[in-house]
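Peer 1: below is the sequence, then the predicted model.
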Amino acid sequence: MVFYFKARPEAGDYTIFMGLDKFENEELIKYGFPEDIWFHVDKMSSAHVYIRLHKGQTIDDISEGNKVNNIDVVYTPWSNLKKTASMDVGQVGFHNPKMVRTVRVEKRINEIVNRLNRTKVERKPDLKAEREAVNAAERAERKLQLRDKKRREEMERLEKERQSELRSYKGLMVSENMTSNKQIATTSKSLQELEEDFM
């Protein structure tokens, strides 16, 4: 079971979610998104809470709320979570400790907690399928961008060839574009008319 909450639009309209227990936390660790920011109360047993940022946002775009007084909350991007075989279910480490931030929360703000609880929805998502769907969409988008890039490059190449052809002299000295003196003599034009045609 995963619990979903909705932040109010003026706070960023983020989706906030957390697992029911350490087994769901394990799934959330495994199938997170690059836009996910992981939160945990430091040095206490607590839920793993995630905020899913919008594309293009960073960890600097979020603000914090709390449920308990005088606690430190650590948070880091999902991509910084490290899981090794020796760790217990739901336990994580960090690839880069410098990417872990801590915020001191002095006082619980009940208004925020109550508002979030009113948005709470329980679901049993297929986290693996959601992650695979996002991966497939990202691959399709990259493929489309690559195809567009190749098409643009081909159009540019053809235009360069066309411009080069226009600037070259190789089309001027082609026999079918030339007129011999014999052909000129067979026409009924005067020398002056021929000179005017030439000019």
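Peer 2: Structure's in. What do you need?
Peer 1: which residue is nearest the middle of the protein?
Peer 2: K55 (6.0 Å; CA atoms, centre = their mean).
Peer 1: elements contacting whichever strand or helix holds K150?
Peer 2: Using DSSP states H and E, K150 sits in helix 127-167. For helix 127-167, the packing partners by 3 or more CB pairs under 8 Å, 6 or more residues apart in numbering; DSSP states H and E come out as helix 22-30. Placement of C-beta: from N, CA and C, glycine included.
Peer 1: how far does the helix it packs on sit from its chain's centre?
Peer 2: 23 Å (CA atoms, centre = their mean, to the nearest Å).
Peer 1: buried residues in that helix?
Peer 2: Within helix 22-30, the residues that qualify as buried are 24-29, counting by 16 or more other CB atoms under 10 Å.
Peer 1: what angle sits between the next helix or strand after it and helix 22-30?
Peer 2: Per DSSP H and E, the first helix or strand lying C-terminal to helix 22-30 is strand 36-41. If you take axes from the mean of the first three to the mean of the last three CA atoms, to 10 degrees, strand 36-41 sits at 140 degrees to helix 22-30.
Peer 1: pLDDT of strand 36-41, averaged?
Peer 2: For strand 36-41, mean pLDDT is 84.
Peer 1: just the angle between the helix holding K150 and helix 22-30, please?
Peer 2: Using the same axes, to 10 degrees: helix 127-167 against helix 22-30 is 10 degrees.
Peer 1: and stretch 33-41, C-alpha only, in CSV?
Peer 2: Taking C-alpha atoms only, stretch 33-41 is exported to CSV below (Å, rounded to 0.1, in the frame of the first residue of the first chain):
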residue,chain,number,x,y,z
PHE,A,33,11.9,8.4,-10.7
PRO,A,34,14.7,10.9,-11.3
GLU,A,35,12.3,13.7,-10.2
ASP,A,36,11.7,12.1,-6.8
ILE,A,37,13.1,13.7,-3.6
TRP,A,38,13.4,11.3,-0.7
PHE,A,39,12.8,12.5,2.9
HIS,A,40,13.4,10.7,6.3
VAL,A,41,13.5,11.9,9.9
